[in-house]
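> how would this look folded up:
(chains A, B and C)
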Amino acid sequence: MKYADEFRDPVAARGVLAAIARITDEIGATRKSPSTSWKSAAATPMRSFAMASTS
Amino acid sequence: MEICGGHTHAIFRYGLDKLTPPGLEFIHGPGCPVCVLPMSRIDECVEIAERPGVIMTTFGDAMRVPGHRKSLIQAKADGADIRMVYSPLDALELARRHPDREVVFFGLGFETTTPSTALTILQAAADGQTNFSVFCNHITVPPPIKALLDDPHMVLDGFVGPGHVSMVIGVHPYDFIARDYGKPIVVAGFEPLDLLQSVLMVLEQIRDGRAEVENQYSRVVPENGNPVSIAACAEVYEPRPSFEWRGLGEIDASGLRIRPAFSAWDAEVKFGVGYGKGPRAVAEPDGCRCGDVMTGRIKPHACPQFGTGCTPEMPLGALMVSSEGACAAYFQYGGLRLEAAL
Amino acid sequence: MGVRRQVNVACILKDEPIEALIGTWSLIHVGFAMSRINEEEAALTLDVLRQLGEAQAEIEAMQASARMLAS
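As a prediction, this is how the structure comes out:
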């Protein structure tokens, strides 16, 4: 398929992953990580999303 | 959160969740159409399929979705004439070849698939093909995203937007996510680099304090979508007041129905089933936590049925049925890693 | 190689004869051509990705060189 191989270039992937790691570090130093907030959310009782959508 | 089930599948297939740093977490959104289809709609589809003279046609991935009574594959085993097709056009062709039968197409999917059934209905109308109809279960992406964002317990920092949905509707239907909720969203392609680049673009927005709608998949997604598709959908479909999503409940204006002008091709009208025809059961199977998985409250393997009472061969919940479902992706690609972690 | 199949091109046809589509790439979904693939946009996206890759390769080469000199 056209553009399948081009978008699987391992050299480019290493570059993007390094940039992701850098920025994640930068962001992580200044704010609470999503996973931390998530755990506290998971501990709370389930709410109905139908309610959420109409509220 | 990646919204689209195709993205969820690609993330697991290429192990992107393991390549990215631990501080980054993918939450799998409600973007697998088979997974969010409620059991009551499967029940109604089976009910139509079991009528004498009916040929029910469907995409293959809907065959094993459990209903309260049975799945389509069980109904087929019990004698109903249910056939898998690749395209709604194939269902219309079947109607041409069997003028003595009623051919029904089980139309489901997001905005990516909606134009194909709209254009097929327009074709049937133009041809006067009256033994063809569509059981419409088409749904739209923006309303459930709004429902998720309105939930006070939902903590998401940004979205990877659906590529093929956006190829139809363009990028502006997501403007509210950035404008009203202050969250970044980047419409993404489906190759591994597409996804990684989109994640990077979301992170850059978060770092810079921006909330914008960006388009990484510009080779396929035009800013304003596909005008022919949008016009066909607007001609054939209108929003339902609300539609039920498995695991999420009823969501306002999230589903589409066939307009009265095309009711001759509306299976709900033709067979007298569906919304407004009686009380609707909404219960899910015992112990099934698809809803919690879909809203990101738990990971698939935290469900007590995962891998025991619910497997891709014998699915209990819908997230295990489709390869785009988060549970099926965990089961298929996460097994070894899970064992290593235990 | 691949699959041959009749597809509906109504969604991607502009004011032009159908022959204009010959040689173009399109995304096909359930029997319908849904979007023409824009080669220029693809090239632009790939350029950005390759630049990130080259930059990282350069950083890694510098780090490797520094380690070699330090040992």
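
> give me the domain ranges for chain C.
Following automatic domain parsing, one finds the domains of chain C at C:1-37, C:39-71.

> pLDDT on the shortest one, on average?
The predicted model assigns domain C:39-71 a mean pLDDT of 92.

> give me the most central residue, chain C.
Taking C-alpha atoms, centre = their mean, the centroid of chain C lies closest to residue C:42, which sits 4.2 Å from it.

> hang on, that one in a strand?
No: per DSSP: H, G, I helix; E, B strand; the rest coil, residue C:42 lies outside any strand segment and is helix.

> tell me who's in contact with the residue nearest to it when sequence neighbours are not counted.
Sequence neighbours aside, residue B:219 is the residue nearest to residue C:42 in space, at 3.8 Å (criterion: C-beta to C-beta, 6 or more residues apart in numbering or on different chains). For the C-beta atoms, the positions are set from N, CA and C on the backbone; glycine is no exception. Residue B:219 sits next to A:3, B:189, C:37, C:38, C:39, C:41, C:42, C:45 when contact means C-beta atoms under 8 Å, 6 or more residues apart in numbering or on different chains.

> stretch B:87-106: how far from the chain's middle?
With C-alpha atoms, centre = their mean, to the nearest Å as the basis, stretch B:87-106 stands 23 Å off its chain's centre.

> between the two ends of it, how far is it?
From its first residue to its last, stretch B:87-106 covers 11 Å (C-alpha to C-alpha, to the nearest Å).

> which other residues reach that stretch?
With C-beta under 8 Å, 6+ apart as the test, stretch B:87-106 has contacts from B:45, B:48-49, B:51, B:53-59, B:62, B:72, B:81, B:83, B:85, B:107, B:116-117, B:120, B:123-124, B:127, B:129, B:131-135, B:137, B:267, B:270-271, C:8, C:30-32.

> what's the burial count for residue A:11?
13 (other C-beta atoms under 10 Å in any protein chain shown).

> before we move on, the earlier item: out of the domains of chain C, which is closest to residue B:36?
Nearest of the domains of chain C to residue B:36, taken as C-beta to C-beta: domain C:1-37 at 18.4 Å.

> pull out the buried residues from that closest one.
Buried residues in domain C:1-37, counted by 16 or more other C-beta atoms under 10 Å in any protein chain shown: C:7-9, C:11-12, C:21, C:25-36.

> quick one: low-confidence parts of the stretch 151-300 of chain B?
In the predicted model of the stretch 151-300 of chain B, residues B:276, B:278-284 satisfy pLDDT under 70.

> which parts of chain C sit against chain A?
Residues of chain C lying close to chain A by C-beta under 8 Å from any C-beta of the partner chain are C:25, C:37, C:42, C:46, C:49-57, C:59-60.

> now list the buried members of those.
Buried subset of the residues of chain C next to chain A (neighbour count, 16+ other C-beta under 10 Å): C:25, C:42, C:46, C:49, C:50, C:52, C:53, C:56.

> wait, which of the residues you listed is closest to residue A:16?
For those, the nearest to residue A:16 is residue C:52 (5.3 Å; C-beta to C-beta).

> excluding its backbone neighbours, what's nearest that closest one?
Nearest residue to residue C:52, sequence neighbours excluded (C-beta to C-beta, 6+ apart): residue A:15, at 3.4 Å.

> list the buried residues in the host helix or strand of the one you found.
Using DSSP states H and E, residue A:15 maps to helix A:10-28. Residues of helix A:10-28 classed as buried by neighbour count (16+ other C-beta under 10 Å): A:12-21, A:23-24, A:27.

> now stretch B:203-218
Going by neighbour count (16+ other C-beta under 10 Å), the buried part of stretch B:203-218 is B:203, B:204, B:205, B:206, B:211, B:212, B:213, B:214, B:215, B:216, B:217, B:218.

> interface residues of the stretch 51-200 of chain B facing chain A?
By C-beta under 8 Å from any C-beta, the residues of the stretch 51-200 of chain B that approach chain A are B:143-144, B:146-148, B:150-151, B:153-157, B:189, B:191-194, B:196-197, B:199-200.

> switch the cut-off to 6 Å
With the criterion set to C-beta under 6 Å from any C-beta of the partner chain, the stretch 51-200 of chain B comes near chain A through B:147, B:150-151, B:153, B:155, B:157, B:191-194, B:196-197, B:199-200.

> now the residues you listed: which count as buried?
Among these, those buried by neighbour count (16+ other C-beta under 10 Å) are B:147, B:151, B:153, B:155, B:157, B:191-194, B:196-197, B:199-200.

> among these, which lie within helices?
By the criterion of DSSP state H, membership of those in helices covers B:147, B:192, B:193, B:194, B:196, B:197, B:199, B:200.

> nearest residue to the third one other than its sequence neighbours?
Counting by C-beta to C-beta, 6+ apart, residue B:193 lies nearest to residue A:7, which is 4.4 Å off, once chain neighbours are set aside.

> repeat for the second one
For residue B:192, ignoring the flanking residues on the chain, the nearest one in space by C-beta to C-beta, 6+ apart is residue B:14 at 4.3 Å.

> so which residues of chain C form strands?
With strands called from DSSP state E, chain C shows them at C:26-29, C:32-36.

> can you check chain B too?
For chain B, the strands defined by DSSP E occupy B:2-4, B:28-31, B:54-58, B:82-84, B:102-109, B:132-138, B:159-161, B:185-187, B:213-215, B:237-239, B:242-245, B:249-252, B:256-258.

> from chain A, how far off is residue C:7?
As judged by C-beta to the nearest C-beta, to the nearest Å, residue C:7 and chain A stand 15 Å apart.

> that residue against residue C:33, yeah?
Yes: counting by C-beta atoms under 6 Å, residue C:7 touches residue C:33, with 5.3 Å between them.

> and chain A, which residues reach chain C?
Contacts of chain A with chain C, taken as C-beta under 6 Å from any C-beta, map to A:2, A:3, A:6, A:11, A:12, A:14, A:15, A:16, A:18, A:19.

> I'd like the distance between the second one and residue A:25.
From residue A:3 across to residue A:25, the span is 31 Å (C-beta to C-beta, to the nearest Å).

> coming back round to it: and chain C, which of the buried residues of stretch B:203-218 reach it?
Okay, of the buried residues of stretch B:203-218 touching chain C (C-beta under 6 Å from any C-beta), that's residue B:218.
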